[in-house]
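> Quick one, fold the following:
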Amino acid sequence: MNTRTVLAGVAALAIALSSAPAKDDVELHQVPEEVRETALDAIPGGRLVSVSVETENGVKIYEFIAEDADGEELEIDVFEDGRLEEVERVIDFEDIPNVVRDALAERAPDFVPRETEWSYRGDGKIVYEFSGKYRGAEIDAEITEDGEILLFDDDADS
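Numbering: from 1, shown residues only. Just a heads-up that it's a prediction; the model follows:
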């Protein structure tokens, strides 16, 4: 490996790290009350475990790790103004609705899931989020509960 290759790799890593959202752990008592209340309202009977804050495009988003009333772990993302962005829970691929499974199979018949999440968005939509492999490439996909593909990000078709 030559010096030019090593320097190019270091430069690419530096660019990737500088463009990643900044994420900092904070104490729950440091979170604005309106933000904390929104998170608690999303999990009646549950509890907030921890929180971090990141800035995306100049907007703070508080990311809570929480447990619902049944002790199941989930993530709750709340904008700094107190609006709910989304509530996410990791689920088994087998637990997704058939209409969602059919839409994914039609778009990516050989998809191999790595992680599947159920997501309730602040706009009221329920979306299933997938990451995994398709034709040897890593993909991310988002499909609504009625089978509409919102995102299918892969390098396999390019």
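> Please enumerate the helices of this structure.
With DSSP state H applied, the chain shows helices at 3-19, 33-41, 98-107, listed in chain order.
> what's next to the second one, contact-wise?
Same thing as helix 33-41. When contacts are taken as Cβ atoms under 8 Å, 6 or more residues apart in numbering, the neighbours of helix 33-41 outside the stretch itself are 28, 46, 48, 51, 62, 64, 66, 76, 78-84. Every residue, glycine included, has its C-beta placed from N, CA and C.
> Just among the residues you listed, which is most surrounded?
Counting neighbours by other Cβ atoms under 10 Å, residue 78 comes out on top of those with 29 neighbours.
> what's the distance between residue 47 and residue 120?
When Cβ to Cβ, to the nearest Å is applied, the distance between residue 47 and residue 120 equals 18 Å.
> can you give me the strands for this protein?
22-26, 47-56, 59-67, 73-79, 84-91, 112-121, 126-134, 137-144, 149-153 (DSSP state E).
> Each with direction, which strands does the fifth one pair with?
Using DSSP bridges, the strands paired with strand 84-91 are strand 73-79 (antiparallel), strand 112-121 (antiparallel).
> out of these, nearest to residue 142?
strand 112-121 (7.9 Å; Cβ to Cβ).
> angle of the closest one against strand 137-144?
Using axes from the mean of the first three to the mean of the last three Cα atoms, to 10 degrees, one finds that strand 112-121 and strand 137-144 are set 30 degrees apart in direction.
> buried residues in strand 112-121?
The neighbour-count check on strand 112-121 (16 or more other Cβ atoms under 10 Å) flags 113, 116-121 as buried.
> and what of stretch 24-39?
Within stretch 24-39, the residues that count as buried by 16+ other Cβ under 10 Å are 31, 35-36, 38-39.
> repeat for stretch 53-63
Neighbour counts over stretch 53-63 (16+ other Cβ under 10 Å) mark 53, 61-63 as buried.
> Kindly reformat the residues you listed as CSV containing pLDDT.
Written out in CSV, the entries for these read as follows (pLDDT from 0 to 100):
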residue, pLDDT
53, 96
61, 97
62, 97
63, 97
